[in-house]
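Participant: next input, structure requested:
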Amino acid sequence: MPGASTDDLTLKPLHQLPSQRQFSYWGKKAFDDLVVRRSRLGERRWQKDHRGLTGRANDGVYGPGHRFEIDATIADIYLVSRYNRNWVIGRPVVYVVIDVFSTMIVGIFVGLEGPSWNGARHALFNAFADKVAFCSVRADGILSHRAD
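Facilitator: Model prediction:
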């Protein structure tokens, strides 16, 4: 009520107050979850991380090779030395280059240094290199990574 002071306010008896479930029910009915979440996060964070986006990843891509995406993932394994299994070499970083139009994997690289531009450079080099030479197999059954 307009002009009321806090001295005029009194708490109603317990039997006249809504229960927790009633309060929650009417709160959810009166306020949209999206509006509540947006107000709690703040406008800047909502626009940056939580707003709905329209479109697809391949919008504006006109054919194979028009756009590539690259991802670096630290593998969930530890490599050890072949001479002594107690010597831990580290966790490899797997780089994958994907053609957005065809969703085909066009390049890979596995390295031991952390995710870096250098590893991405190697993956991109592999994406544009000759795959026949990359996938060639020697007579003893080992991948040679070069044409003999």
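Participant: quick one: residue 49 from residue 31, how far?
Facilitator: Remark: distance between residue 49 and residue 31 (Cβ to Cβ, to the nearest Å) = 21 Å. Placement of C-beta: from N, CA and C, glycine included.
Participant: what about those two, which has more around it?
Facilitator: residue 31 (11 against 8; other Cβ atoms under 10 Å).
Participant: quick check: residue 55 vs residue 90, distance?
Facilitator: With distances defined as Cβ to Cβ, the gap from residue 55 to residue 90 amounts to 39 Å.
Participant: try residue 35
Facilitator: 48 Å.
Participant: could you chop the protein up by domain?
Facilitator: Residue ranges for each domain of the chain read 15-50, 68-134, as given by automatic domain parsing.
Participant: how about those in TSV, adding mean pLDDT?
Facilitator: Output for the domains of the chain, formatted as TSV (pLDDT from 0 to 100):
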stretch	mean pLDDT
domain 15-50	89
domain 68-134	94
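Participant: can you redo these as JSON lines with distance to residue 61?
Facilitator: Conversion of those to JSON lines gives the following (distance: least, Cβ to Cβ, whole Å):
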{"stretch": "domain 15-50", "distance to residue 61": "25"}
{"stretch": "domain 68-134", "distance to residue 61": "5"}
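Participant: ok, which of the ones you listed comes nearest residue 59?
Facilitator: Nearest of those to residue 59, taken as Cβ to Cβ: domain 68-134 at 9.7 Å.
Participant: pick the most buried one from the domains of the chain.
Facilitator: domain 68-134 (a mean of 14; mean count of other Cβ atoms under 10 Å).
Participant: so which of the domains of the chain comes closest to residue 9?
Facilitator: When these are compared by Cβ to Cβ, domain 15-50 sits nearest residue 9, at 14.0 Å.
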